[in-house]
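# I'll drop the sequence and a predicted model, then ask my questions.
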Amino acid sequence: MNSIKRIWVVGGGTAGAMTAVTLKKYFPKIDIRILEGRNIPTVGVGESTLGQINHWLAMVDIKDEEWMKECNASYKLSIRFENFHKLNDGGFHYPFGDPYTLNNIAGLNDWHFKKIIFPKTHNSDYANCLYPIMALVNQNKLFKNEKKYLPCFDFKRHTAYHFDASKFGEWLKEKYFKKLGGRVLVENIVSVEKNEDGSIKYLHLDTENKIEGKDTLFVDCTGFQSLLLGKSLNVPFESYEHMLPNNSAWATHINYTDKEKELKPYTNCTAIENGWVWNIPLWSRMGSGYVYSDKYISDEDALKQYKNYLMKTHNFSKKFVEEDMSYKKLKMRIGLHKKLWVKNVVAIGLSAGFIEPLESNGLFTVHEFLFRLVRMLQRETITEFTRQNYNFACRKIFREFAEFVSLHYALSERTDTEYWRDITKKEWPVSETNKRWIDGFDTAIWNKMFDYHYPDLGGLQHIAAGMDWNSTDLPSIKYGLMESDLDKIKKLYKNPIDTLNKRKTAWDLVASKQPSLYEFLKKEIYNV
């Protein structure tokens, strides 16, 4: 395929809608259409995002006020993890944005000295001392910070979203894609006819119509079934089960009982017996789900565990969780196809691959892969090198994120169930043939005896600090300073540690004067 005259986005879910909108925005002269299957359900639980989605929204010129009200959306500032390190560990946050390390006074490494010198310091103190945004997170507050009262907090860059992904997909199609001249065809594919070289020649539809593949790019957004890339082109799938333990989920919706209190600016992730439970507060309800491994528990028993968790956490009665709540079961295909763009087919979303819901990465791969697809499609001629370059870039992004997610399990010390015992016994895949693991974890985190510090930016240090994998320790401090007297060491680090504590108090004061997230959304988005 040397040139592209038509693009068919196959699949009408959120990934398909985001794909169609992006391509129509940047290639208005190409005939771009969505082929949406009739009566085909979408996954519909991808309700939490990361801050990078703001780059995509800016790229396609969509503003918060245009879509949030239509999609039951709220703002998100952080992700909280509880009981991943140990049972009843008190939890810790991974906030968005940048740390406050002005002039390297009271920086990231100084907090680790604080933790070592004062071991009763809770791991959650790391984010509280270094990230001003945590003052808002801890108090359920939000403001736009236009006068820069809170250092390092950029509202546009450091917020993400909780929203109804299905409604978002529909909004994109109806209010954006169609207005740009895009068209949606609702028909089912009954068979795929291929050329001798393996590319798609025709898609045969249930109305006896057919879609020609000549000079056409098909974007496979058919979810886990991967109808075109996987089933039709038979591109091999690379499982990631060697580093990611979960493959199943139960999901449900929960109504608010005290909305102003329960509407929080973060996704909460709580590890339980055979996996973890998410809680995602949208504007009008909460989304919840139990992610687990069916190698350790049956679907039926997992649902029982999940219901027990809901009764305990939300104080629901057994009758309520059994009779008044509905549950959706999901089977997840964990891993990535070995090639994502083959012949005249490129896969975006679940049809390409999936890590697992931890760290809200479902839509992350959609917009990050889309950005790179747009870059490649700007070339007048699509060559095999074009495809190779795209495949390399997307696989690198996916692999590094998967390694980051697996760090949440690798650093666990839980041994209360077979699931967690096996995780602590697991030999993580580091070898000469798999050096990405070492690069993805960063040398300082993989081998903390190397240089005694973590990088300033990124999420690796949050998970490490939250799960008690500190960059240094007391013997290292004594060794480096050539000082064995702990009182002298405390005196040496008194000023930076005092600075950490004082500025945290100052940030809390600023946050206390701001509106609650609930009040902010009422005024800025919902006009209540």
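Looks like it arrived, so ask away.
# on the pLDDT front, check residue 116 for me.
Confidence at residue 116, expressed as pLDDT, is 88.
# repeat for the one 4 residues further on
Residue 120 carries a pLDDT value of 93.
# quickly find the element holding it.
Using DSSP states H and E, residue 120 sits in no helix or strand.
# tell me how far it lies from residue 90.
With distances taken as Cβ to Cβ, to the nearest Å, residue 120 is found 12 Å from residue 90. For glycine as for every other residue, the C-beta is placed from the backbone atoms N, C-alpha and C.
# more neighbours, the two?
In terms of neighbours (other Cβ atoms under 10 Å), residue 90 is the more surrounded of residue 120 and residue 90; the figures are 12 against 5.
# surely that one touches residue 122?
Yes. Counting by Cβ atoms under 8 Å, residue 90 touches residue 122, with 6.0 Å between them.
# so for stretch 60-78, mean pLDDT?
In this model, stretch 60-78 carries a mean pLDDT of 95.
# keeping just the C-alphas, turn that stretch into PDB.
C-alpha atoms of stretch 60-78 as PDB (Å, rounded to 0.1, in the frame of the first residue of the first chain):
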ATOM      1  CA  VAL A  60      -7.700  17.700  18.700                       C
ATOM      2  CA  ASP A  61      -8.800  21.000  20.200                       C
ATOM      3  CA  ILE A  62     -11.400  19.800  22.700                       C
ATOM      4  CA  LYS A  63     -11.900  21.800  25.900                       C
ATOM      5  CA  ASP A  64     -13.100  20.400  29.300                       C
ATOM      6  CA  GLU A  65     -16.300  22.400  29.400                       C
ATOM      7  CA  GLU A  66     -17.400  21.000  26.000                       C
ATOM      8  CA  TRP A  67     -17.600  17.300  27.000                       C
ATOM      9  CA  MET A  68     -17.300  16.800  30.800                       C
ATOM     10  CA  LYS A  69     -20.900  17.600  31.600                       C
ATOM     11  CA  GLU A  70     -22.100  15.200  28.900                       C
ATOM     12  CA  CYS A  71     -19.900  12.300  30.200                       C
ATOM     13  CA  ASN A  72     -20.500  12.400  34.000                       C
ATOM     14  CA  ALA A  73     -16.900  13.500  34.400                       C
ATOM     15  CA  SER A  74     -14.900  14.700  37.400                       C
ATOM     16  CA  TYR A  75     -11.300  15.800  37.800                       C
ATOM     17  CA  LYS A  76      -8.500  13.500  39.100                       C
ATOM     18  CA  LEU A  77      -5.300  14.500  40.700                       C
ATOM     19  CA  SER A  78      -3.800  11.300  42.000                       C
END
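# got the buried residues for that stretch?
60, 62, 64, 67-68, 71-78 (16 or more other Cβ atoms under 10 Å).
# now do stretch 329-341
For stretch 329-341, the neighbour count (16+ other Cβ under 10 Å) marks 330, 332, 333, 334, 335, 336, 337, 339, 340, 341 as buried.
# can I assume the third one sits in a strand?
No. The secondary structure assignment for residue 333 gives coil rather than a strand, going by DSSP: H, G, I helix; E, B strand; the rest coil.
# SS state for residue 80?
Judged by three-state DSSP, the three-state class of residue 80 is strand.
# what's the neighbour count on it?
20.
# one more: the one 3 residues further on?
Using other Cβ under 10 Å, residue 83 has 20 other residues around it.
# can you list phi and psi of it for me?
Per-residue torsions, residue 83: phi 70, psi 20 (degrees, to the nearest 10).
# just give the nearest non-adjacent residue to it, would you?
For residue 83, ignoring the flanking residues on the chain, the nearest one in space by Cβ to Cβ, 6 or more residues apart in numbering is residue 271 at 4.2 Å.
# relative to residue 417, how far out is that neighbour?
From residue 271 to residue 417 the distance is 10 Å (Cβ to Cβ).
# same question for residue 494.
From residue 494 across to residue 417, the span is 43 Å (Cβ to Cβ).
# do the same with residue 426
Using Cβ to Cβ, residue 426 is found at 14 Å from residue 417.
# kindly report the same for residue 281.
28 Å.
# do residue 296 as well
Separation of residue 296 from residue 417 (Cβ to Cβ) stands at 8 Å.
# who has more neighbours out of these two?
Each of residue 296 and residue 417 has its neighbours counted (other Cβ under 10 Å); residue 296 has more, 18 against 14.
# so the more buried one belongs to a helix, correct?
No. Using three-state DSSP, the assignment for residue 296 is coil, not a helix.
# give the contact list for it.
By Cβ atoms under 8 Å, 6 or more residues apart in numbering, the contact set of residue 296 is 274, 417, 418, 419, 422.
# hmm, 7 Å instead?
Contacts for residue 296 (Cβ atoms under 7 Å, 6 or more residues apart in numbering) come out as 274, 418, 419.
# nearest to residue 463 among those residues?
residue 419 (19.2 Å; Cβ to Cβ).
# low-confidence ranges in this structure?
For the chain, applying pLDDT under 70 flags the ranges 1-2, 41-46, 102-108, 429-457.
# which non-adjacent residue is nearest the residue nearest the centre of the chain?
Taking Cα atoms, centre = their mean, the centroid of the chain lies closest to residue 360, which sits 2.1 Å from it. Spatial nearest neighbour of residue 360, chain neighbours left out: residue 48 (4.1 Å); criterion: Cβ to Cβ, 6+ apart.
# in this structure, where's the longest helix?
helix 384-410 (DSSP state H).
# tell me the first helix or strand C-terminal of that helix.
helix 418-425.
# what lies in contact with that following helix?
Outside of helix 418-425, the residues within contact range by Cβ under 7 Å, 6+ apart are 245, 273, 274, 293, 296, 409, 412, 413, 414, 415.
# now swap in stretch 250-260 and tell me
The contact list for stretch 250-260 (Cβ under 7 Å, 6+ apart) reads 45, 262, 285-290, 302-303, 306, 314, 325-330, 516, 518.
# now the strands for the stretch 201-350 of the chain?
Along the stretch 201-350 of the chain, counting by DSSP state E, counting those that start in this stretch, strands occupy 210-212, 216-220, 237-239, 248-254, 266-272, 275-281, 286-292, 328-331, 335-337, 341-342, 345-347.
# the second one pairs with which strands, and in what direction?
Here strand 216-220 has these sheet partners by DSSP bridges: strand 6-10 (parallel), strand 345-347 (parallel).
# same list (those) but as TSV, adding mean neighbour count and distance to residue 505.
Listed next are the strands paired with strand 216-220 as TSV, based on neighbours: other Cβ atoms under 10 Å; distance: least, Cβ to Cβ, whole Å:
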stretch	mean neighbour count	distance to residue 505
strand 6-10	23	51
strand 345-347	29	50
